[in-house]
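Novice: I'll drop the sequence and a predicted model, then ask my questions.
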Amino acid sequence: MTSFEKLWRPGPAKLKAQTAPGSDSASGDKFLYLLILCPLAALIFFFGGARPWIWQGVTGLFFLCLGAWHFRFRVSPPDKRLRGLLIIGLCFLLVPLLQIIPLPLALLETLSPVRGQWARTLLELGNISSTTISYEPLATWMRLAWWLFLLTFAVLLAQALNSGRAKYPVWLLHSLFVLAGLEAIYGILQALLPGLGVLWNMDPQTGLAYKGSARGTFINRNHYAAFLGLLWPVLLAYVLILKSPRKMEHVLGKRAQAQVLVQQKVFAVFCLALVILGLVLSQSRGGILGALLSFTLLYLFAGLRQKRVTAALFACWIIMLGYGTIIGFDDISNRFSQIGQGATVRVEIWKDGWNAVRDHPLTGTGLGTYPSVGRAYQNAFSPQLRAHHAHNDYLEAVVEMGLPAAGILILGIWALWCSRAFFLWRKRQTMDPDRLVLAAGSLAALGGYLLHSWVEFNNAIPANQLTAIMVAIFHIHISRENTDQAGQTD
């Protein structure tokens, strides 16, 4: 058992919220589920939370609701084994906190000479009264609040999963199924009806940017593809382990139960094929390649010894290809034929981003400052057209956080994924088959997402960042070595 498993594995006593006298624990659990699901739903249906006022509003409402929940039901402190995760998260919160603390000008010039030079010039002109590492302290403050929200969300989700008595969290999987299904249907309609835009988006420029591509309620098709890519492997795994509810045992016989279950699985596989089709119709090259990687990883970890995985994957792709052939894949093939041109533009943007890193190697420019600071370094486009992001999540993190902090974060994320992959591969022969499929699906989804992040800025979209954290927490929960949960789901 790895040290991370020991850290994560819950104790014998189940984690339950301490309820106020006279309150109902079931009501507290439902409120907790809503507190977890509502932020994700709100971010998804409003451009993926891409606008600052959306994710800032969601952050504020979340903490207000968390305070109300604590007042009504009394939030229990994190389990001892979760406190390690909490400490690690708080350590990373120190990075943006240090970036917004005013420093003596001499110290600022030592830590970040370019930033210090700008600060000295502005001080001489009387434009600023304090010096911080961040070029935009307010933007960094907002990102600090967002990171605090993500950390709190992760801890609450872990507690909610560990406190459940079911083998796997049906409430979470059903909710993700609904969200992915709605997004897939909307995206397919956008591909069939090019004039159909994005809900709430009144900007004509961004409304026409990806006309004819599936993008759902996301403005950018790449972010839409990343969102669906995070969900379809997890949902496919859930369909494969789907069983008849206990309550059906008293109503239907075994044969009738089997027939109903087959019908449910066929319908679910059909819906999942539409989700994959929506991803393909987004015409996102990185998203499609990420989905192929997820497909391969899911098969390697769970399909080699389970024919049901192979059959379900085969059925999904056959249905997707059948519908796609009717609709047409011409635009998608044209997109891949232009991959060289797209790569050239991205390489130029990456060069500009690396120039920013060279000027701020130790401290970065401040969390959340790339959209403004990057303009001073960009030469890939005309002066009238500027990229707001680096089109590489890892490079953007290095620009904003500096090489030391961003390097530790990036290496830590990849080391964690590799350690989970090694653990799952080692335990694939002895792990419970249902848990193996769910763990493989979630790990495959994260692998595709991390790959896509090399060529896109998916992590800058709050809905995708929150979904990735949700899938990661779910994977760690479902793949832990020992479990004291029941073997049936209601």
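Specialist: Thanks, I have it.
Novice: where in this structure is the helix or strand with the lowest mean pLDDT?
Specialist: helix 3-8 (a mean of 46; mean pLDDT, DSSP states H and E).
Novice: against which helices or strands is the next helix-or-strand element following that helix packed?
Specialist: Counting by DSSP states H and E, the next helix or strand C-terminal to helix 3-8 is helix 25-45. Helix 25-45 sits against helix 52-73, helix 137-163, helix 170-192, helix 462-478, with contacts defined as 3 or more Cβ pairs under 8 Å, 6 or more residues apart in numbering; DSSP states H and E. Glycine gets a C-beta too; all of them are placed from N, C-alpha and C.
Novice: where exactly do the helices run in the stretch 301-450 of the chain?
Specialist: 307-327, 330-337, 339-359, 370-373, 393-401, 403-427, 433-452 (DSSP state H, counting those that start in this stretch).
Novice: low-confidence stretches in the stretch 351-490 of the chain?
Specialist: Flagging of the stretch 351-490 of the chain using pLDDT under 70 yields the residue ranges 379-386, 481-490.
Novice: rerun at 80
Specialist: Applying pLDDT under 80 to the stretch 351-490 of the chain flags residues 378-387, 480-490.
Novice: residue 176 contacts residue 234, correct?
Specialist: Yes: if you go by Cβ atoms under 8 Å, residue 176 and residue 234 touch, sitting 6.8 Å apart.
Novice: more neighbours: those two, which one.
Specialist: It is residue 234, of residue 176 and residue 234, that has more neighbours when counted by other Cβ atoms under 10 Å, with 29 against 23.
Novice: pretty sure the more buried one sits against residue 441.
Specialist: Yes: when contacts are counted by Cβ under 8 Å, residue 234 is listed as touching residue 441 (4.8 Å).
Novice: any idea of the mean pLDDT for stretch 150-157?
Specialist: Mean pLDDT, stretch 150-157: 91.
Novice: now that stretch - C-alpha only, CSV.
Specialist: Taking C-alpha atoms only, stretch 150-157 is exported to CSV below (Å, rounded to 0.1, in the frame of the first residue of the first chain):
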residue,chain,number,x,y,z
LEU,A,150,-11.3,24.3,-5.2
LEU,A,151,-9.5,23.0,-2.1
THR,A,152,-12.7,23.3,0.0
PHE,A,153,-14.7,21.6,-2.7
ALA,A,154,-12.2,18.7,-2.9
VAL,A,155,-12.3,18.1,0.8
LEU,A,156,-16.1,18.2,1.0
LEU,A,157,-16.4,15.9,-2.0
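Novice: what lies in contact with it?
Specialist: 32, 35-36, 39, 62-63, 66, 78, 82, 85-86, 89-90, 93, 465-466, 469-470, 473-474 (Cβ atoms under 8 Å, 6 or more residues apart in numbering).
Novice: if we can go back for a sec, as CSV, the helices of the stretch 301-450 of the chain with mean neighbour count and distance to residue 155 would be great.
Specialist: Compiled in CSV, the helices of the stretch 301-450 of the chain are given as follows (neighbours: other Cβ atoms under 10 Å; distance: least, Cβ to Cβ, whole Å):
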stretch, mean neighbour count, distance to residue 155
helix 307-327, 16, 32
helix 330-337, 12, 40
helix 339-359, 15, 32
helix 370-373, 20, 28
helix 393-401, 24, 22
helix 403-427, 15, 17
helix 433-452, 25, 18
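Novice: list just the one of these that sits closest to residue 168.
Specialist: Nearest to residue 168 among the helices of the stretch 301-450 of the chain is helix 433-452 (6.1 Å), distances taken as Cβ to Cβ.
Novice: wait, isn't residue 130 in contact with residue 102?
Specialist: Yes: contact criterion Cβ under 8 Å: residue 130 and residue 102 qualify, at 4.0 Å.
Novice: check contacts around residue 173.
Specialist: Going by Cβ under 8 Å, 6+ apart, the list of residues near residue 173 reads 234-235, 238.
Novice: how much space between it and residue 242?
Specialist: 10 Å (Cβ to Cβ, to the nearest Å).
Novice: same question for residue 35.
Specialist: 27 Å.
Novice: now the most far-flung residue of the chain relative to its centre: which helix or strand?
Specialist: For the chain, the residue at maximal distance from the C-alpha centroid (Cα atoms, centre = their mean) is residue 124, at 43.8 Å. Using DSSP H and E, residue 124 sits in helix 113-125.
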